[in-house]
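S.K.: Could you look at this predicted model? Sequence included:
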Amino acid sequence: MGRQPCCDRVGLKRGPWTIEEDHKLVHFILNNGIQCWRTVPKLADLQRCGKSCRLRWINYLRPDLKRGALSEAEEDQIIELHARLGNRWSKIASYFPGRTDNEIKNHWNTRIKKRLQLMGIDPLTHQPIDKEKYQHEPDDKTESLSITETYDKRNETENFIENANDISLPNNMLSENNNEELWNKSFKTMSTCYSPSISLEAEESINFSTASNVAAAPAEEEDSVQQWMDSIFSCAINQLEEDLFLLRKYN
DNA sequence: AACGTACACAACCGCTTCGTG
DNA sequence: CCACGAAGCGGTTGTGTACGT
């Protein structure tokens, strides 16, 4: 007996999401929360499978996502974390609030891998690709320095990781089972402060910043959406920090 | 201008893990 | 302990776009 498909694919849409679909999904989640992804498409009137909805929300629509390219410092941290954790993208992403595992994985595959290869480092093992070459060419200070710089940051990264574990941010909380309830509670708070604006305005005119419409959207509109999202996120973060404080106090 | 190629990233697939009865 | 379903995760593919010829 073969594996059962994750959903009944007959009549289900695939491929890139439209703004209207995004709109429906966000509107539904913010008003109802997430109980079961399987039921989301039906209840939200979407011709998608639950898995697709989940992915779209997590990787693109969540209000706490950070936009924009990863900085060089972030890249360095990813390299360090990858050296420690391997391809555990979800775990790595948990150290970068607002970044998704998919985003980091893609960035690794398209850029960081090449950067390391150019530096003469094997992205899989994090060791020099040709050890003999390095032994015989100690005068190549550029490459030696790059490797030294990258790998001597280990202690620095240990501190970074320890600090990151202490920060009360959604990704970290999601990664810890004992904080899941706290996060769920905070998500409800986020929804509460998020919903009114969407209820009043979303039906008519809000354009979400999707890849396909960002370029076409007027700068003012893009700014206002960003401000809107920032305010929602800071509202949720305040609640998260308060909750975490109480959690620590009474634990 | 038209075509081919490379690149970035969104989305999908299927396996694993987790929670529940 | 086992079976089952749902969610999570990482590898892979598909698609849009930028760039070169």
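M.R.: Happy to help now that I have it. Numbers count the residues shown, from 1 in each chain, chains lettered A, B, ... in the order given.

S.K.: ok, the helix or strand containing residue A:116 near DNA strand C or not?
M.R.: Taking DSSP states H and E as the criterion, residue A:116 maps to helix A:113-118. No - on the criterion C-beta under 7 Å from any atom of the strand, helix A:113-118 is out of touch with DNA strand C, staying 11.2 Å away. For the C-beta atoms, the positions are set from N, CA and C on the backbone; glycine is no exception.

S.K.: Counting by contacts, list what that helix packs against.
M.R.: With contacts taken as 3 or more C-beta pairs under 8 Å, 6 or more residues apart in numbering; DSSP states H and E, helix A:113-118 sits against no other helix or strand.

S.K.: residues of that helix that come out buried?
M.R.: A:113, A:116 (16 or more other C-beta atoms under 10 Å).

S.K.: same question, stretch A:64-81
M.R.: For stretch A:64-81, a neighbour-count test (16+ other C-beta under 10 Å) marks A:64, A:65, A:70, A:74, A:75, A:76, A:77, A:78, A:79, A:80, A:81 as buried.

S.K.: So it, near DNA strand B or not?
M.R.: Yes - for stretch A:64-81, a contact with DNA strand B is found by C-beta under 7 Å from any atom of the strand, at residue A:69.

S.K.: for the record, mean pLDDT for that stretch?
M.R.: Across stretch A:64-81, the average pLDDT comes to 86.

S.K.: Any part of that stretch near DNA strand C?
M.R.: No - Stretch A:64-81 lies out of reach of DNA strand C by C-beta under 7 Å from any atom of the strand, never closer than 11.3 Å.

S.K.: and the nearest residue to residue A:93 once chain neighbours are set aside, what does it touch?
M.R.: The spatially closest residue to residue A:93, leaving aside those adjacent along the chain, is residue A:101, at 4.1 Å (C-beta to C-beta, 6 or more residues apart in numbering). By C-beta atoms under 8 Å, 6 or more residues apart in numbering, the contact list for residue A:101 reads A:89, A:90, A:92, A:93.

S.K.: Of these, which is the nearest to residue A:110?
M.R.: The closest of the contacts of residue A:101 to residue A:110 turns out to be residue A:89 (C-beta to C-beta; 13.6 Å).

S.K.: mind listing what that closest one touches?
M.R.: By C-beta under 8 Å, 6+ apart, the neighbours of residue A:89 are A:101, A:102, A:104, A:105, A:108.

S.K.: Just the buried residues of those.
M.R.: Buried among the contacts of residue A:89 (16+ other C-beta under 10 Å): A:101, A:104, A:105, A:108.

S.K.: Please list which of those residues are also close to DNA strand B.
M.R.: Within the buried ones among the contacts of residue A:89, those near DNA strand B by C-beta under 7 Å from any atom of the strand are residue A:105.

S.K.: quick one on the thing from earlier: could I get the contacts of residue A:89 as CSV with distance to residue A:117, secondary structure and pLDDT?
M.R.: Formatted as CSV, these follow (distance: C-beta to C-beta, whole Å; DSSP: H, G, I helix; E, B strand; the rest coil; pLDDT from 0 to 100):
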residue, distance to residue A:117, secondary structure, pLDDT
A:101, 22, helix, 89
A:102, 22, helix, 90
A:104, 18, helix, 91
A:105, 17, helix, 90
A:108, 12, helix, 90
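
S.K.: how about TSV for those residues, with distance to residue A:120 added?
M.R.: What follows is those, written out as TSV (distance: C-beta to C-beta, whole Å):
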residue	distance to residue A:120
A:101	28
A:102	28
A:104	23
A:105	23
A:108	18
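
S.K.: Which one of those is nearest to DNA strand C?
M.R.: Taking C-beta to the nearest atom of the strand as the measure, DNA strand C lies nearest residue A:101 of those, at 4.7 Å.

S.K.: How about the residues of chain A by DNA strand B?
M.R.: A:3, A:5-6, A:13-17, A:48, A:51-52, A:55-56, A:59-60, A:69, A:102-103, A:105-107, A:109-111, A:177, A:211.
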